[in-house]
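A.B. asks: Sequence first, then the predicted structure, then my questions.
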Amino acid sequence: MKFAVLVFPGSNCDIDCYNAVEDTVAQPVDYVWHTATDLSAYDCIIVPGGFSYGDYLRSGAIARFAPVMSEVRKAAEAGKYVLGICNGFQILTEAGLLPGALMRNTNMKFRCHSSLLEVVNNRTPFTNQYEAGEVIDIPIAHGEGNYYCDDTTLRRLQDNDQIVFRYAEGSNPNGSVADIAGIRNEQGNVVGMMPHPERAVSSVLGSADGARMFASILNAWREQHGAAVNS
């Protein structure tokens, strides 16, 4: 399985994502610059956190026009896995690959700390190594993580099991509607989340709960391709 980690001007979690793939699943991974026009060689595309294009206008608003994003759309439509983390989640919503929008945290402060998430849907390529309802420890680092969608979209997310993660009860750090921390598209191959699983892949970092997300992706890919999980 081959991973791509996109790099925009202002990305700052690309190295963390690259190292997380190497350390948790030991699969080939490349940095891919925002001007790239071909992602056909990759099975999973990670859109990392940071401040793409300095977050001018609003987070992700400029990055969604980068040449590589048309290739991300093609990959998503082809059923390949796409994971947007923090600023990557913002970019995916701006690009229309996921519904809703990310707004300023309700307290207007940048929040950077450990956060507890409930695994709402463990039947995705990104969460199959977790238990439904399990509470995991994944850190956040964002100023615009307040997920918003209208009531109709929220009902659709709920009815289609598109809510993947919620902040544990009473711990919503940013005001997100319905405590949403991560969602998927209807097809299930695109996930966006504000917390950073790549920063939680070892107990040395305070939590290893994020490692199972990368293991889930590899497991899903191997099942899809008929490969032995331990090969």
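C.D. replies: Sure, I can see it. Numbering: from 1, shown residues only.
A.B. asks: Which residue ranges of the protein form strands?
C.D. replies: Applying DSSP state E to the chain gives strands spanning 3-7, 29-33, 44-47, 81-85, 101-103, 111-113, 116-119, 135-137, 140-142, 146-148, 163-167, 180-184, 190-193.
A.B. asks: how about those in a markdown table, adding mean pLDDT?
C.D. replies: Formatted as a markdown table, the strands of the chain follow (pLDDT from 0 to 100):
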| stretch | mean pLDDT |
| --- | --- |
| strand 3-7 | 98 |
| strand 29-33 | 98 |
| strand 44-47 | 98 |
| strand 81-85 | 98 |
| strand 101-103 | 98 |
| strand 111-113 | 97 |
| strand 116-119 | 98 |
| strand 135-137 | 98 |
| strand 140-142 | 98 |
| strand 146-148 | 98 |
| strand 163-167 | 98 |
| strand 180-184 | 98 |
| strand 190-193 | 98 |
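A.B. asks: nearest to Asn174, of these?
C.D. replies: Across the strands of the chain, Asn174 has its closest neighbour in strand 146-148 (4.5 Å, Cβ to Cβ). The C-beta positions use only the backbone N, C-alpha and C, and glycine is treated the same way.
A.B. asks: Tell me how far that closest one lies from the chain's centre.
C.D. replies: 15 Å (Cα atoms, centre = their mean, to the nearest Å).
A.B. asks: what lines up beside it in the sheet?
C.D. replies: In the sheet, strand 146-148 lines up against strand 101-103 (antiparallel) (DSSP bridges).
A.B. asks: For Pro48, the count of nearby residues, please.
C.D. replies: If you count neighbours by other Cβ atoms under 10 Å, Pro48 ends up with 28.
A.B. asks: Contacts only, for it.
C.D. replies: Applying Cβ atoms under 8 Å, 6 or more residues apart in numbering, we find Pro48 in contact with 5-7, 11, 13-14, 16-17, 85-88, 198.
A.B. asks: Let me see the backbone angles for it.
C.D. replies: phi -80, psi 170 (degrees, to the nearest 10).
A.B. asks: which of the contacts of Pro48 lies closest to Asp161?
C.D. replies: Ile85 (20.8 Å).
A.B. asks: what's across from that closest one in the sheet?
C.D. replies: When bridges are called by DSSP bridges, Ile85 pairs up with Met193.
A.B. asks: CSV please, covering the strands of the chain and showing distance to Arg58 and mean neighbour count.
C.D. replies: Below are those laid out as CSV (distance: least, Cβ to Cβ, whole Å; neighbours: other Cβ atoms under 10 Å):
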stretch, distance to Arg58, mean neighbour count
strand 3-7, 19, 26
strand 29-33, 23, 17
strand 44-47, 16, 28
strand 81-85, 16, 28
strand 101-103, 9, 20
strand 111-113, 18, 12
strand 116-119, 25, 21
strand 135-137, 29, 18
strand 140-142, 13, 22
strand 146-148, 12, 22
strand 163-167, 22, 23
strand 180-184, 19, 28
strand 190-193, 16, 28
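A.B. asks: Let's have those strands in JSON lines, adding distance to Gly206.
C.D. replies: Converted to JSON lines, the strands of the chain look like this (distance: least, Cβ to Cβ, whole Å):
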{"stretch": "strand 3-7", "distance to Gly206": "22"}
{"stretch": "strand 29-33", "distance to Gly206": "23"}
{"stretch": "strand 44-47", "distance to Gly206": "21"}
{"stretch": "strand 81-85", "distance to Gly206": "17"}
{"stretch": "strand 101-103", "distance to Gly206": "24"}
{"stretch": "strand 111-113", "distance to Gly206": "10"}
{"stretch": "strand 116-119", "distance to Gly206": "12"}
{"stretch": "strand 135-137", "distance to Gly206": "7"}
{"stretch": "strand 140-142", "distance to Gly206": "13"}
{"stretch": "strand 146-148", "distance to Gly206": "24"}
{"stretch": "strand 163-167", "distance to Gly206": "17"}
{"stretch": "strand 180-184", "distance to Gly206": "17"}
{"stretch": "strand 190-193", "distance to Gly206": "18"}
